[in-house]
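**Student:** I would like to see how this sequence folds:
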Amino acid sequence: MSVVRLKRGAEGAPDQAAVERVIALSLARAGQDELGSPLRLSALQQQRCVLAEIVETVPEPALILVLDDKAGEGLAAAVIDGALMAGMVEALTTGTVTPGEAVSRRPTRTDAALLAPVIDRALSVLEGAAGEAGLAILSRGFRFASVAEGGRALSLLLEDGFYRLLRAEVDLAAGARQGQVWLALPELRPAVLPQVADSASLRFRAELQAQVEGAEVRLEAVLQRLMLPLRQVMALQVGQSLPLPRADVGRITVEGLDGRHVATARLGRHGSLRALRLLAEGEAAVPRPTGGDAGVELRGRAGPMG
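**Tutor:** A predicted model of the protein is given here:
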C-alpha cells in the first residue's frame, strides 16, 4: 500500500481524500473477509462535534456499538443504521442480500454479536492503513466492547467532549442495500507531564489495587461452539450424543464473560481434577487424536454448549 501524505484542512481535519481512501479500504476488507458480501464507500463526511450533537442525530433505528482501545484514551462509537444492519445480517445468515428496503426493526444483541467481527475487522484494517498514511486520529486501536441501547445510553457511556465524526454512505452487495456507518472518535488528548502523587494518594492507589486484584474473574473454556436449528435444540434428550467435528482438546479457547479471547490452552489433569494448561503464543498444541469425530453426550441436566 502506498503511503498517503497527510494534509490538514479546517479545524485540523485530516485530508478528505486520505480519509476516504483508508475508510474505503477498511470497509472493502471487512466485507470480503467477514461478511462475504462487498461493502463499498460511496460518500464520506467528517466533522468535529460534541457528544450531544452526535446523540441528537443518531439515526433510528440503528445498531450502536461502543468501542474501547488499549491506551485508555476513552471510548468511541460505531453506528450502523437499521437498513444497512439488516442487509449485513442477511448476508451473514443467508449468504445473499435481497434488493430493496429492509423491514424496519429494532437491533438486538444477536445482531451485535453477528456484526462485531465485521466491525473489528474494519477497525483493524483502518488502524494499519491510517498508521501508514499518518492519520493519527484514525489509528487508535479501537475494538468492539459493548452495545448501547439507543442514543441516551450512548450519552451515559461516552465521555463528554469533542469527537471526530465520520459519516460514511455505504453500498452493500453492489447496491442491493444502502445505508450509513458512523464512526465517532474522541479527540486526541495532549500529552501531559506526570505529577508526583502525595502519600495519601499513593496509599489509596495501593489499597484500590489490592481490592481489584483480589476480585474474582470468571473464565470459560470453549471446546467448540455449535449452532443448531431451534427445532433440533428443542428436541434434545438426555443420553443423546452431539458430534463435535472440529473439537480439539489440544487447542481450547479461554474466553471472558464478554466473549473475548483471553488465552489458548489444552485439556489435561491436575490430580483428580480436569485442568487446562495455558499455551504460550506460537506453542504447538498436542496433535489431535484420530479415529472418528469427537462428540458430547447429554447426561443429566444439560448446561450451556461451548
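**Student:** count the neighbours of residue 33 for me.
**Tutor:** Other residues lying near residue 33 total 14 when counted by other C-beta atoms under 10 Å. Where C-beta positions appear, they are placed from N, C-alpha and C, glycine not excepted.
**Student:** what about the residue nearest to it when sequence neighbours are not counted, which SS state?
**Tutor:** Nearest non-adjacent residue to residue 33, counting by C-beta to C-beta, 6 or more residues apart in numbering: residue 121, 5.5 Å away. The three-state label given to residue 121 by DSSP: H, G, I helix; E, B strand; the rest coil is helix.
**Student:** check the one 5 residues further on too.
**Tutor:** Judged by three-state DSSP, the three-state class of residue 126 is helix.
**Student:** cool, residue 152 as well?
**Tutor:** For residue 152, the assignment made with three-state DSSP gives helix.
**Student:** surely it meets residue 56?
**Tutor:** No. Look at residue 152 against residue 56 with C-beta atoms under 8 Å: they stay out of range, at 10.6 Å.
**Student:** what ranges does the stretch 201-306 of the chain have for its helices?
**Tutor:** Using DSSP state H, counting those that start in this stretch, the helices assigned to the stretch 201-306 of the chain run over residues 230-234.
**Student:** point out where it drops to low pLDDT.
**Tutor:** 282-306 (pLDDT under 70).
**Student:** what's the local residue count around the closest residue in space to residue 254 that isn't next to it in sequence?
**Tutor:** Ranked by C-beta to C-beta, 6+ apart and with sequence neighbours excluded, the top spatial neighbour of residue 254 is residue 263, at 4.3 Å. By other C-beta under 10 Å, the residues close to residue 263 number 15.
**Student:** from here on, call the first residue 197.
**Tutor:** All right, first residue 197 from here; so that's residue 459.
**Student:** for residue 459, what are its contacts?
**Tutor:** 450, 474-475 (C-beta atoms under 8 Å, 6 or more residues apart in numbering).
**Student:** now do residue 273
**Tutor:** When contacts are counted by C-beta under 8 Å, 6+ apart, residue 273 touches 250, 260-263, 344, 350, 354, 378-380.
**Student:** quick one: distance of the strand or helix carrying it to the chain centre.
**Tutor:** Using DSSP states H and E, residue 273 maps to strand 272-277. Distance of strand 272-277 from its chain centroid, counting by C-alpha atoms, centre = their mean, to the nearest Å, is 11 Å.
**Student:** right, I'll call it a day here.
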